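S.K.: from the sequence below, what's the structure:
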Amino acid sequence: MKFVQIIEFETERLDEMRQVLEEAGQRNAGRANGPTHSMLLKDRDKPGRYLALIEFDSYEEAMRNSDDPETSAMAQRLDALSTGERVYTNCDVLDERDLK
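M.R.: Next up, the predicted model:
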């Protein structure tokens with residue numbers, strides 16, 4: 001079952017945050033157990049608030065990815081760029097469809 005982790009965070013340093021996420025995406029491209037899809041969302045109603053949606057083929061693969069030392073190093077870099085604490089929401093994908 002597909003799995004999506006939603007990471008809610010606030011930052012005033014979005015360009016630097018995006019650079020860290022871009023580097024992680026390049027490092028994970030085609031890697032076994034890595035993310036399969038990601039989205040970065042900006043909250044239109046609360047300036048400085050963002051959500052990152054990271055999709056994996058399964059919860060187990062996401063947890064293996066979380067255990068990777070490179071993932072931990074990336075998380076530390078993101079912490080330094082965030083204001084406040086990041087909030088994680090873990091979701092199993094029950095339904096998915098293209099609407100176009």
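
S.K.: what is the least confident helix or strand in the chain?
M.R.: With mean pLDDT, DSSP states H and E as the measure, the helix or strand of the chain carrying the lowest mean pLDDT is helix 14-28 (a mean of 87).

S.K.: helices or strands next to that one in the packing?
M.R.: strand 37-42, strand 49-56, helix 69-81 (3 or more C-beta pairs under 8 Å, 6 or more residues apart in numbering; DSSP states H and E). Bear in mind the C-beta positions are built from the backbone N, C-alpha and C, glycine included.

S.K.: in the last one, what's buried?
M.R.: Across helix 69-81, burial judged by 16 or more other C-beta atoms under 10 Å covers T71, M74, R77, L78, L81.

S.K.: name the residues that touch it?
M.R.: With C-beta atoms under 8 Å, 6 or more residues apart in numbering as the test, helix 69-81 has contacts from F9, T11, R13, E16, M17, V20, L21, E23, A24, R27, N65, R86.

S.K.: repeat that for 6 Å
M.R.: By C-beta atoms under 6 Å, 6 or more residues apart in numbering, the residues outside helix 69-81 that reach it are T11, R13, E16, M17, V20, A24, N65.

S.K.: mind picking the two most distant members of the residues you listed?
M.R.: R13 and N65 (24.1 Å; C-beta to C-beta).

S.K.: the two - which one has more neighbours?
M.R.: Higher neighbour count among R13 and N65: N65, with 19 against 14, using other C-beta atoms under 10 Å.

S.K.: need the contact list for that one.
M.R.: So N65 contacts N33, G34, T71 (C-beta under 6 Å, 6+ apart).

S.K.: which of those sits closest to K100?
M.R.: G34 (27.0 Å).

S.K.: what count of nearby residues applies to the residue lying closest to the closest one once chain neighbours are set aside?
M.R.: Leaving aside its sequence neighbours, G34 sits nearest to N28 (C-beta to C-beta, 6 or more residues apart in numbering; 3.7 Å). Using other C-beta under 10 Å, N28 has 20 neighbouring residues.
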